[in-house]
Structure formats: C-alpha cells, structure tokens
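Asks: Just the structure for this:
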Amino acid sequence: MDEQSVIALLESSQSALEWNRNCDRVKKECGGYPPWWYEKIIMSGLCDRVAARWGGDSKIRTKVG
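Replies: Below you'll find the model as predicted:
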C-alpha cells in the first residue's frame with residue numbers, strides 16, 4: 001500500500017472498530033506500520049479528525065483495575 005491509499009483507507013473509517021481493522025490491514029500489507037505513519041497519520045491530525053466522528057481521539061489510554 002502506498003501513502004495515498006493508506007490515508008484514503010483510514011479516512012473512510014466510520015467507527016473505532018473499522019479504524020482498528022483498517023490499521024490491521026495496513027500493518028499486514030506493509031509488514032508493520034510504514035516509516036511515515038507517525039508523521040502522516042498522527043502528527044498531521046488525520047487520526048484525531050477521523051476519530052472525532054465517533055467521539056474518539058489519538059490518545060492512548062490504559063485500563064486500571
């Protein structure tokens with residue numbers, strides 16, 4: 001997958017479940033996250049913009065207890 005196809009795939013996500021499945025697809029097809037992932041997906045705001053559709057964001061959370 002090239003950069004444009006990854007971005008288009010992730011931008012098409014309509015739920016957290018779909019986002020996660022699309023991320024799994026990217027990792028499978030690219031042999032892990034591509035080297036430009038953090039810059040183009042996280043730092044660009046794409047993740048936050050898309051996740052806002054379902055009230056999400058790019059923050060990592062852990063469950064305690």
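
Asks: tell me the SS of residue 48?
Replies: With DSSP: H, G, I helix; E, B strand; the rest coil as the basis, residue 48 sits in helix.

Asks: so what's it up against?
Replies: Shown in contact with residue 48 (Cβ atoms under 8 Å, 6 or more residues apart in numbering): 57, 58. Where you see a C-beta, it was placed from the backbone N, CA and C, and this is true even at glycine.

Asks: Distance-wise, check it relative to residue 28.
Replies: Distance, residue 48 to residue 28, by Cβ to Cβ, to the nearest Å: 24 Å.

Asks: Check residue 58 too.
Replies: 21 Å.

Asks: Which of the two has more residues huddled nearby?
Replies: Neighbour comparison, residue 58 and residue 28: the larger count goes to residue 58, with 14 against 10 (by other Cβ atoms under 10 Å).

Asks: which residue packs closest to the more buried one, ignoring adjacent ones?
Replies: Closest residue to residue 58 apart from its sequence neighbours, by Cβ to Cβ, 6 or more residues apart in numbering: residue 47 at 4.1 Å.

Asks: what does residue 29 give?
Replies: residue 1 (4.9 Å).

Asks: Does the one you found touch residue 31 like I think?
Replies: No. Contact between residue 1 and residue 31 fails when scored by Cβ atoms under 8 Å: they sit 10.5 Å apart.

Asks: Compare neighbour counts for those two and give me the winner.
Replies: More neighbours surround residue 1 than the other of residue 1 and residue 31, with 14 against 7 (other Cβ under 10 Å).

Asks: Mind pulling the model confidence for that one?
Replies: With respect to pLDDT, residue 1 scores 94.

Asks: wait, isn't residue 27 in contact with residue 21?
Replies: No. Using Cβ under 8 Å, residue 27 is not in contact with residue 21; the gap is 10.8 Å.

Asks: any shared contact partners between these two?
Replies: Shared contacts of residue 27 and residue 21, defined by Cβ under 8 Å, 6+ apart, are absent.

Asks: And the next helix or strand past the helix or strand that contains residue 23?
Replies: In the assignment (DSSP states H and E), residue 23 maps to helix 16-30. Once helix 16-30 ends, the next helix or strand along the chain (criterion: DSSP H and E) is helix 37.
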